[in-house]
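Chemist: no sequence on this one, just coordinates:
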């Protein structure tokens, strides 16, 4: 496989990998590094690439694994900067301002979800993958994906209703 | 789209039983300005998902490993260092040049001394002359 051909294969889903990485790692820079790292790994193993049923699914799996590894080593190194920063920001005024901004509100709710639910919500509701694709990417059976997805959506709903009532009342 | 159908889809959505197409219909519904008041709380969710999909990475794909590149530079640097080292060690250093100069100066000085010595030796010829004459006049017993 030539370099141009590889780039052509990878281009359509490159941003999907980036967004998944950013969902998990929060920082844009780290997400870019993760995407780069995964694509590089894919390129060096390009010989095996024809063997995969879907290169895209494989790349998503690799991104997920890479990001989870990064998070583990960060936790081990006591470097949970991103998360602690963000609780500090939660002054009452800021909270009020941000509550009006649905995007940042949702961002916060999603940041608090368990990793697996975060990943599934990202893959389904943002990237619109089918259940079969997600179950292949995460090596889970489709029913388990559906259950986790439903759970994640309901958690988001609860948080939204809480915020909504608080805002109205 | 009738509100009735949307409500049903919302329920299905939270159970995780909507299809991708149905979810798309939901996103379209919530992206409009007017949403039924009892569904307004869900609006941020669907708007967020639509927004989140727009984010893209600014960086270009770079598929040449960084490590490999730094090794090439390292070998180039090493080659240059060795070449410069060899070149400088072959070229006479300032110390060597000084020594050469000192050698020439010394040789010149020695030649000068030698020349003067030769002048002295020429004068000695007269002494020889004197001895020959004396031998002629006063023959000394010779072997």
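Modeler: Everything's here; your move. Values in this document were obtained by computation on a predicted structure and should not be read as measured data. Numbers count the residues shown, from 1 in each chain, chains lettered A, B, ... in the order given.
Chemist: domain assignment for the chain?
Modeler: By default, I'm working from chain A. A:10-80, A:89-169 (automatic domain parsing).
Chemist: my bad, chain B
Modeler: Here the domain parsing of chain B from automatic domain parsing is B:3-52, B:94-143.
Chemist: wait, residue A:32 sits on residue B:60?
Modeler: No - with contact defined as CB atoms under 8 Å, residue A:32 does not reach residue B:60; the gap is 10.2 Å. The way it works is simple: take the backbone N, C-alpha and C, and place the C-beta from them, glycine included.
Chemist: need the residues of chain B near chain A, please.
Modeler: B:13-17, B:20, B:23-24, B:40-45, B:47-49, B:51-53, B:55-59, B:61-63, B:65 (CB under 8 Å from any CB of the partner chain).
Chemist: buried stuff in the longest helix along chain A?
Modeler: Ranked by residue count under DSSP state H, the longest helix found in chain A is helix A:142-168. By 16 or more other CB atoms under 10 Å in any protein chain shown, the buried positions in helix A:142-168 come out as A:145-146, A:148-153, A:155-157, A:159-160, A:163-164.
Chemist: do the same with stretch A:50-61
Modeler: A:55-61.
Chemist: wait, which of the residues you listed is closest to chain B?
Modeler: When those are compared for distance to chain B (CB to the nearest CB), residue A:59 wins out at 11.9 Å.
Chemist: which SSE is the closest residue to residue B:59 other than its chain neighbours in?
Modeler: Nearest in space to residue B:59, with sequence neighbours left out and distances taken as CB to CB, 6 or more residues apart in numbering or on different chains, is residue A:32 at 4.8 Å. Assigned by DSSP states H and E, residue A:32 belongs to helix A:28-44.
Chemist: buried residues of that helix, list them for me.
Modeler: Neighbour-count burial for helix A:28-44 [16+ other CB under 10 Å]: A:30-43.
Chemist: count of residues packed around residue B:52?
Modeler: Residue B:52: 20 surrounding residues under other CB atoms under 10 Å in any protein chain shown.
Chemist: that one and residue A:117: what is the separation?
Modeler: The gap separating residue B:52 from residue A:117 is 15 Å, by CB to CB, to the nearest Å.
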